[in-house]
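Participant: test case, fold it:
(2 chains)
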Amino acid sequence: MGKYLAKRLLLMIPLLLGITIITFSVIHLAPGSPTDLVTDLNPQAGAEARERLIAYYGLDKPLHVQYVNWLKRLATLDFGQSFQPDGKPVIEKIKERIPITIEINVLSMIVIISIAIPLGVISAVKKDSFLDKGTTVFVFVGFATPTFWLALLCMILFGVKLGWLPISGINSLDYDRLSLFGKIVDRGRHLIMPVILGAFGGLAGLSRYMRSNMLEVVRQEYIQTARAKGISEKRVIFKHAMRNALLPVITILGLSVPTLIGGSVIFETIFAIPGMGRLFYQGVMSRDYPVVLGILFIGAVLTLIGNLLADVGYALADPRIREGEG
Amino acid sequence: MRRSLLLSDFFRRFTRNRLALSGLVIILFFFFLSLFAGYISPHDPNEFDVRSIFSPPSRGHLMGTDELGRDVLSRMIYGARISLKVGFVAVGIAVLIGTCIGLSAGYFGGIIDTLLMRFVDIMLCFPAFFLILAVIAFLEPSIWNIMIVIGLTGWMGVARLVRAETLSLKSRDYVQAAKALGESDLKIMFRHILPNTLAPILVAATLGVAGAILTESALSFLGIGVQPPTPSWGNILTAGKDNIEFAWWLSLFPGLAILVTVLGYNLLGEGIRDSIDPRLK
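Facilitator: Alright, predicted model coming up:
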């Protein structure tokens, strides 16, 4: 296992370098010099911000020198300073905002797993039943639904018309005066819509995937053998079939990390949640380049970590993988 | 002979697939709307009417009016144009890049393959929406930039698909024969291999249009996509969000239009896939 892990980690290095190259080229993608852009498109950014940008990226130096210098700064998590009047280091802004984004995404992931897997298994076992057909329709509609629109409709229904749930922020105004239990309830009421809506897109995909996996596994010979041995159907499904059908799900969950992180821009903006996604959106809108590039880089690194965790999880669950490759 | 037989097989299966046909009908309906927008829409999409701001759906304005008193139905019809344009141009770009990269990687193999596929892996590390937003932050938000950026960040799936197909095709006898006859690499790639990868590309492209339409609407909704006063389904939804307390019609109709359109492309894409290879179902 150690050998496998070491190999996986080594494979990450070229990817990480690639990520830095692409992030770096984004700033040079725009026509003209990046500093022109700052002054042209961002009236707030004065001469001082311009100086800072030139100094941070070393824009007066040749391209390869710029890149190497920038890489050295990245290694110490120095993403430069925000263009906002507060001029805070970007890394501090991200540190403040990232926990809530991770919290919501992890909760969404839990919702996805706990609904999609049973749904996929049941619709495979009871193929062509009413429930299976219902799930198929849900999957098609789910794939086609713009989740930000669904968020709007839920806000109108549960927030405005029924008044059950708050529609913005993560805490009520009197949050600090609440008891611990009150705080948990309050936070929960604020997060329930973003979490469920964040899960919505992945839900359709995973339940469909789980269903086809299950159908595939049930056809295998060892399932026939298990049945022939006289094991109860329940045991055949849950003990023998489901465990094997679950394996590839680990990979799919890893692959869904970038989608979840990308989606946080939309949900955090709609629900006014002070997370990394909203920080990114505000950065884009105010053309706060250090913030934009910093979060772009962090987002890609989070994806890389998600994929690594998925691969390691898969190897832990399936000895064939680590034997074969290790 | 064999080719026409396969095609007729395809059409027979396709026309029996009711879901795929309904997808096609939906798509043709929106094509029709965008083509004849000028004749169909009851009002000028940019005509202000201060006397009827935020009027709910009524006989005069079937889908109500917005914050400037503009007719929402007319704006929706013109919005169909934008969606269609973005969907097709963005996917066109993605397919072009993906096909070239996938073909070269699969055909040449070796170091070229490794480098190109690592590039694909790296691009896939970026949350697509982050990358699109970051690039847009450096450019002026315009419909052309949106289409290009969505295309530039969406070709990786096609590249992997085409590479896999190319790998399996390149060892076939007919390709070997073409090589033995001394045909150039380019000719073999584009004349002999590419035509046989078209079916999966078509499926990926159809599903890709759905994805591009969703992305454009999300960008326009966030105010980074199609800029007002040009109507797009996404930016009508923005008005819906800003007036969420009372103007529900601004939120309901554009979202439904997006949903139905995307559903149409997804149904068609899956239908084509099933008709090409019924075993995959």
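
Participant: just the pLDDT at A:T135, thanks.
Facilitator: Here the pLDDT value assigned to A:T135 is 86.

Participant: hmm, who's touching the helix or strand containing A:K234?
Facilitator: Using DSSP states H and E, A:K234 sits in helix A:233-235. Applying Cβ atoms under 8 Å, 6 or more residues apart in numbering or on different chains, the external contacts of helix A:233-235 come out as A:A226, A:R227. Any C-beta I mention is one placed from the backbone N, CA and C, and that applies to glycine too.

Participant: following that helix, which helix or strand comes up?
Facilitator: Where DSSP H and E defines the elements, the next helix or strand beyond helix A:233-235 is helix A:242-255.

Participant: can you list the weak-confidence ranges in the chain?
Facilitator: Since you didn't name a chain, this refers to chain A. A:29-50, A:53, A:57-60, A:322-326 (pLDDT under 70).

Participant: should've been chain B
Facilitator: Chain B contains residues with pLDDT under 70 at B:1-5, B:277-281.

Participant: quick one: buried residues of the helix holding A:K234?
Facilitator: Across helix A:233-235, burial judged by 16 or more other Cβ atoms under 10 Å in any protein chain shown covers no residue at all.

Participant: then stretch B:99-117?
Facilitator: Neighbour-count burial for stretch B:99-117 [16+ other Cβ under 10 Å]: B:T99, B:C100, B:I101, B:G102, B:L103, B:S104, B:A105, B:G106, B:Y107, B:D113, B:L116, B:M117.

Participant: repeat that for stretch A:7-14.
Facilitator: A:R8, A:M12.

Participant: ditto for stretch B:257-277
Facilitator: Result for stretch B:257-277 [16+ other Cβ under 10 Å]: buried residues B:257-259, B:261-276.

Participant: filter those residues down to just the ones in helices.
Facilitator: Among these, the members found in helices (DSSP state H) are B:257-259, B:261-276.

Participant: restrict these to those near chain A?
Facilitator: Filtering these for proximity to chain A by Cβ under 8 Å from any Cβ of the partner chain leaves B:I258, B:L259, B:V262, B:L263, B:N266, B:L267.

Participant: what separation is there between B:T206 and B:T99?
Facilitator: Look at B:T206 and B:T99: by Cβ to Cβ, to the nearest Å, they are 15 Å apart.

Participant: the longest helix in the chain is where?
Facilitator: Unless you meant another one, I'm taking chain A. Counting by DSSP H, the longest helix found in chain A is helix A:180-218.

Participant: wrong chain, I was asking about chain B
Facilitator: helix B:72-108.

Participant: which is the next helix or strand following it?
Facilitator: helix B:110-125.

Participant: wait, does that next one contact chain A?
Facilitator: Yes. Residues of helix B:110-125 are located near chain A by Cβ under 8 Å from any Cβ, namely B:R118, B:F119, B:D121, B:I122, B:M123, B:L124, B:C125.

Participant: what ranges do the strands span in the stretch 51-200 of chain A?
Facilitator: Applying DSSP state E, counting those that start in this stretch to the stretch 51-200 of chain A gives no strands.

Participant: what does it put close to chain B?
Facilitator: A:140-141, A:143-146, A:148-150, A:152-153, A:155-156, A:160, A:167.

Participant: quick check: B:F130 touching A:G299?
Facilitator: Yes. With contacts counted by Cβ atoms under 8 Å, B:F130 reaches A:G299, the gap being 4.6 Å.
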